[in-house]
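Undergrad: Fold the following.
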Amino acid sequence: MRVGIQSYLSDTNIDAQLTSSQRQLSLAISAIADSSGGDLPLNLCLVLDRSGSMFEKPLEMVKDAAIGIIEKLKPGDRISIVAFAHRAKVIVPNQLVNNIEKIKQEIRLMVADGGTAIDEGMRLGIKEVAASNQNCVSRIFLLTDGENEHGDNNRCLKLAELAAEYNVTIDTLGFGEHWNQDVLEQISDSAQGTIVYIEQPDQAIIEFERLFARAQAVGLTNSHLTVELMPKVRLAELKPLAQVAPETIELPVKMEGNYFSVRLGDLMIDQPRVILINFYINQLPLGKNKIAAVQIRYDDPGANQENLHSDILAIEIDAQNPYQPQPSDIVQNNILTLAKYRQTQIAETKLQQGDNIGAATMLQTAAKTALQLGDKEGATILQTNATRLQIGKDLSEGDRKKTRLVSKTILRE
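TA: Numbering: from 1, shown residues only. Below is the predicted model of the structure:
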């Protein structure tokens, strides 16, 4: 297994007469299988909300979804299950998948009762996964339908950061309309996972299966992107780095001299992580100029190897006089993807401030951006919500959650 990196500049040429020019660099980073590559063992923990609000059909559908995942696990995979209400309990300790019927029985015995303490569920889930975290893909599926009324949201975020340090990815699933989108999104973003909205109970099985397929597609783990900028290149000052696929995430960046590094987490074989970097270039001499060097550090669990490094990829730009633009459609689409996310964020801020008309205007703008990307379903949701606000209606919790979701990714049909 090896790393694949494809790089694209927003324009591979630059005007040699300008004292400063802006460019965007897009990096598509994925795992590439070789002839010896096979599926990696999965170390999966299900952290499931069993609070009183999950009574009857919601919990029953989650049980069915969990059992469906258990039945898909292979010999060599590991499973653990944590159930939480106002307290959390390990109902299936971390173990190899040998006695499926016993595991399924423990799932069926879960009963809905009590309040919600997400951080306690996370704490036990991380502890279970970390117990057997070598040469495998470590994943937590965290599902809740409510606010963290008996817990501490700041602790949730610190636990998500701890999970990332342990090379554990957390995918979050919000069930129904009354969960805290900000908290679950920050958890999944911090732990390099994805956030899923289960609007109706019978969608639970499908969404669990999608996350499971994503975990199975992982080929390399614990990846970090390192970029060295050449002397005449500098990052943009405001939010210069973002992931735009498989979902949009603003990435924190801290420069150390001319270098910066950011953790990307798991790399899938079939779906690259696409990173967009925004920077400025001072005036360059005529001809080819190296402006950056890119490298990926990663672990290869299949080969029992850690701290591997890809070849260094040199990024070059051609300073011209006269200048002939050569724009990239790929980078332009990535810029639009990030714009859709940020436009929707502005709309949410305006909505919180009581500026419904301003929010509607920004949602309309985001809808047009989605159409430019070919995201028709996302555009429909954004425009529908904009229209609701324009005619004086409020957005439901479900409407707001869908709006955030379509800002981060392209919805599946």
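Undergrad: Return the residues in contact with Val137.
TA: Residues in contact with Val137 (Cβ atoms under 8 Å, 6 or more residues apart in numbering) are Leu40, Pro41, Leu42, Asn43, Thr169, Ala215, Val218, Thr221, Asp266, Pro301. Every C-beta, even on glycine, is put in place using the N, C-alpha and C of the backbone.
Undergrad: List the contacts of the residue lying closest to Leu235 once chain neighbours are set aside.
TA: Distances taken as Cβ to Cβ, 6 or more residues apart in numbering place Phe279 nearest to Leu235, at 5.2 Å, with adjacent residues excluded. By Cβ under 8 Å, 6+ apart, the residues touching Phe279 are Gln22, Arg23, Gln24, Leu25, Leu229, Val233, Arg234, Leu235, Ala236, Pro240, Ala292.
Undergrad: Retrieve the pLDDT associated with Phe279.
TA: Phe279 carries a pLDDT value of 97.
Undergrad: Give the bridge partners for it, please.
TA: Note on Phe279: beta-bridge partners by DSSP bridges are Arg23, Leu235.
Undergrad: Just the closest of the contacts of Val137 to Thr403, please.
TA: Nearest to Thr403 among the contacts of Val137, counting by Cβ to Cβ, is Thr169 at 25.0 Å.
Undergrad: hang on, the closest one packs against Ile187?
TA: No. Counting by Cβ atoms under 8 Å, Thr169 does not reach Ile187; the two are 10.9 Å apart.
Undergrad: More neighbours: these two, which one.
TA: Ile187 (27 against 24; other Cβ atoms under 10 Å).
Undergrad: Would you mind listing the buried residues in the strand or helix carrying that one?
TA: In the assignment (DSSP states H and E), Ile187 maps to helix 181-190. Neighbour-count burial for helix 181-190 flags Gln181, Val183, Leu184, Glu185, Gln186, Ile187, Ser188, Asp189, Ser190 (criterion: 16 or more other Cβ atoms under 10 Å).
Undergrad: Contacts for that helix next, please.
TA: So helix 181-190 is contacted by 118, 122, 142, 144, 148, 153, 156-157, 160-161, 163-164, 170-172, 174, 193-195, 249-250, 400-401, 404, 408 (Cβ under 8 Å, 6+ apart).
Undergrad: got it, and stretch 302-312?
TA: Contacts for stretch 302-312 (Cβ under 8 Å, 6+ apart): 1-3, 5, 36-38, 40, 135, 219, 222, 293-300.
Undergrad: Check stretch 372-383 too.
TA: 333, 336-337, 340, 344, 363-364, 366-368, 370-371, 402-403, 406, 410-411, 413.
Undergrad: Strands of the stretch 101-250 of the chain, start to end?
TA: For the stretch 101-250 of the chain, applying DSSP state E, counting those that start in this stretch gives strands covering 137-144, 169-175, 195-198, 218-229, 233-235, 241-245, 249-250.
Undergrad: Next, the angle from the strand or helix carrying Asn334 to strand 241-245.
TA: Using DSSP H and E, Asn334 sits within helix 329-352. Between helix 329-352 and strand 241-245, the angle comes out at 100 degrees (axes from the mean of the first three to the mean of the last three Cα atoms, to 10 degrees).
Undergrad: what comes up buried for helix 329-352?
TA: Buried, per 16+ other Cβ under 10 Å, within helix 329-352: 331, 333-348, 350-351.
Undergrad: where exactly do the helices run in the protein?
TA: Assigned by DSSP state H, the helices in the chain fall at 57-72, 100-108, 118-130, 153-165, 181-190, 204-216, 329-352, 356-372, 376-390, 397-408.
Undergrad: mind checking how far the third one is from the chain centre?
TA: When you say that, I think you mean helix 118-130. 19 Å (Cα atoms, centre = their mean, to the nearest Å).
Undergrad: now swap in the shortest one and tell me
TA: A distance of 30 Å separates the centroid of the chain from that of helix 100-108, by Cα atoms, centre = their mean.
Undergrad: Run through who's touching it.
TA: Lys63, Ala66, Ile67, Ile70, Glu71, Leu73, Ile79, Ile81, Ile91, Val92, Val97.
Undergrad: what do you get for the third one?
TA: When contacts are defined by Cβ under 8 Å, 6+ apart, helix 118-130 is touched by residues 43-45, 47-49, 80, 82-84, 87-90, 93-94, 138-140, 142, 144, 148, 150-153, 155-156, 159-160, 162-163, 166, 168, 170, 183, 187.
Undergrad: Give me the buried subset of those residues.
TA: Among the contacts of helix 118-130, those classed as buried by 16+ other Cβ under 10 Å are 43-45, 47-49, 80, 82-84, 88, 90, 94, 138-140, 142, 144, 148, 150-151, 153, 155-156, 159-160, 162-163, 168, 170, 183, 187.
Undergrad: Give the PyMOL command for selecting the buried subset of the contacts of Val137.
TA: Buried residues among those (16+ other Cβ under 10 Å), as a PyMOL selection:
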select buried, resi 40+41+42+43+169+215+218+221+266+301
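Undergrad: May I see the contacts of Val137 arranged in JSON lines, with pLDDT and distance to Met54 as well?
TA: As requested, the contacts of Val137 are exported to JSON lines (pLDDT from 0 to 100; distance: Cβ to Cβ, whole Å):
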{"residue": "Leu40", "pLDDT": "93", "distance to Met54": "32"}
{"residue": "Pro41", "pLDDT": "96", "distance to Met54": "30"}
{"residue": "Leu42", "pLDDT": "97", "distance to Met54": "25"}
{"residue": "Asn43", "pLDDT": "98", "distance to Met54": "25"}
{"residue": "Thr169", "pLDDT": "97", "distance to Met54": "24"}
{"residue": "Ala215", "pLDDT": "96", "distance to Met54": "23"}
{"residue": "Val218", "pLDDT": "96", "distance to Met54": "29"}
{"residue": "Thr221", "pLDDT": "96", "distance to Met54": "32"}
{"residue": "Asp266", "pLDDT": "97", "distance to Met54": "29"}
{"residue": "Pro301", "pLDDT": "94", "distance to Met54": "34"}
